[in-house]
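**Student:** Just the structure for this:
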Amino acid sequence: MKTQTLIEILARGAGPAQPPPVLQRMAPAVVLGLFTSALFAVWSTGSIPAAMWATPAPWMKLIYGASLALTAGWLTARLSRPIARTQWPLRAVLVVFATMLGLGAIGLLTAAPDQRAATLFGETWLTCPRNVVLLSLPALAGALWALRGLAPTRLGTAGFNAGLMAGSLGAMGYALVCPEVSATFVAVWYSLGILLTGLVGALLGPRLLRW
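**Tutor:** A predicted model of the protein is given here:
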């Protein structure tokens with residue numbers, strides 16, 4: 001029998017290729033986590049004034065959150081499999097953080113001296129990280145559930161990066177209600193909330209992802 005004939009027989013009736021299991025499990029967790037955080041943020045606090053959408057501030061927060069969610073999600077997906085290469089997604093995550101921190105540094109250095117404290121702390125610095133973490137919890141639960149059905153081996157690292165992804169989704173939800181406009185504020189306090197969510201994920205990972 002010719003090789004081509006054998007291939008055709010084996011492929012007959014196979015149907016369309018199924019999506020990768022990582023995507024099948026992670027995508028619903030991401031969508032549901034983002035929807036839940038946005039819904040709860042707007043329901044509990046009320047959205048920002050419509051006029052703010054004509055300024056760069058909310059878009060900057062959403063782009064930062066989306067970029068970090070994508071890159072951290074990429075890294076989390078790699079970590080869901082044994083012996084996976086993580087160099088490129090890790091570099092992508094670091095580039096997103098470094099870019100936002102660079103923008104924050106520029107904002108602080110170019111502010112008038114008497115405005116630097118306001119640029120850094122805004123009016124909500126005490127509550128911002130906490131709110132980001134709280135809004136991230138549904139996405140974190142979904143991400144850990146998704147990872148539990150896969151095959152991570154570096155459990156703490158996988159949990160941490162799942163937390164970064166969830167924290168980014170929570171930050172996107174919080175951006176819908178946050179009144180702050182400073183890139184410096186976002187670089188410091190949003191990032192702190194995201195990193196704290198990553199820490200929660202790192203603590204839960206070894207307990208919940210063991211297989």
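
**Student:** Pretty sure residue 178 sits against residue 48.
**Tutor:** Yes - Residue 178 is within contact range of residue 48, at 6.9 Å (criterion: CB atoms under 8 Å). For every residue, glycine as well, the C-beta is placed using N, CA and C.

**Student:** Look up how far residue 58 lies from the closest residue to residue 65 other than its chain neighbours.
**Tutor:** Closest residue to residue 65 apart from its sequence neighbours, by CB to CB, 6 or more residues apart in numbering: residue 172 at 3.8 Å. Distance, residue 172 to residue 58, by CB to CB, to the nearest Å: 10 Å.

**Student:** cool, residue 23 as well?
**Tutor:** For residue 23, the distance to residue 58 - CB to CB - is 29 Å.

**Student:** between those two, who's got more neighbours?
**Tutor:** Higher neighbour count among residue 23 and residue 58: residue 58, with 20 against 12, using other CB atoms under 10 Å.

**Student:** Spell out the residue ranges of the helices in this protein.
**Tutor:** Along the chain, the segments classed as helices by DSSP state H run 3-11, 21-45, 56-79, 87-110, 116-121, 128-148, 155-175, 183-185, 191-208.

**Student:** Which elements pack onto the shortest one?
**Tutor:** Contact partners of helix 183-185 among helices and strands, from 3 or more CB pairs under 8 Å, 6 or more residues apart in numbering; DSSP states H and E: helix 87-110, helix 116-121.

**Student:** ok, residues contacting the shortest one?
**Tutor:** Read that as helix 116-121. Outside helix 116-121, the residues that touch it by CB atoms under 8 Å, 6 or more residues apart in numbering are 107, 108, 111, 182, 184, 185, 188.

**Student:** May I ask which two of those are separated the most?
**Tutor:** 111 and 188 (13.5 Å; CB to CB).

**Student:** in this structure, which segments are predicted with low confidence?
**Tutor:** 1-20 (pLDDT under 70).

**Student:** let's see 50
**Tutor:** Where the chain drops to pLDDT under 50, the residues are 1, 10, 17-19.

**Student:** how close does residue 76 get to residue 145?
**Tutor:** Using CB to CB, which is the criterion applied here, residue 76 is 13 Å from residue 145.

**Student:** More neighbours: which of those two?
**Tutor:** residue 76 (33 against 14).

**Student:** you'd agree that one is up against residue 150?
**Tutor:** No - Residue 76 is beyond contact range of residue 150, at 9.7 Å (criterion: CB under 8 Å).

**Student:** Would you mark the buried spots in stretch 47-56?
**Tutor:** Applying a neighbour-count criterion of 16 or more other CB atoms under 10 Å, one finds residue 48 buried in stretch 47-56.

**Student:** ends of it, how far apart?
**Tutor:** 16 Å (CA to CA, to the nearest Å).

**Student:** which outside residues touch it?
**Tutor:** Under the contact criterion CB under 8 Å, 6+ apart, stretch 47-56 has outside partners 58, 59, 176, 177, 178, 179, 181.

**Student:** 10 Å - rerun?
**Tutor:** Residues from elsewhere that reach stretch 47-56 (CB atoms under 10 Å, 6 or more residues apart in numbering): 38, 41-42, 57-59, 63, 175-181, 183.
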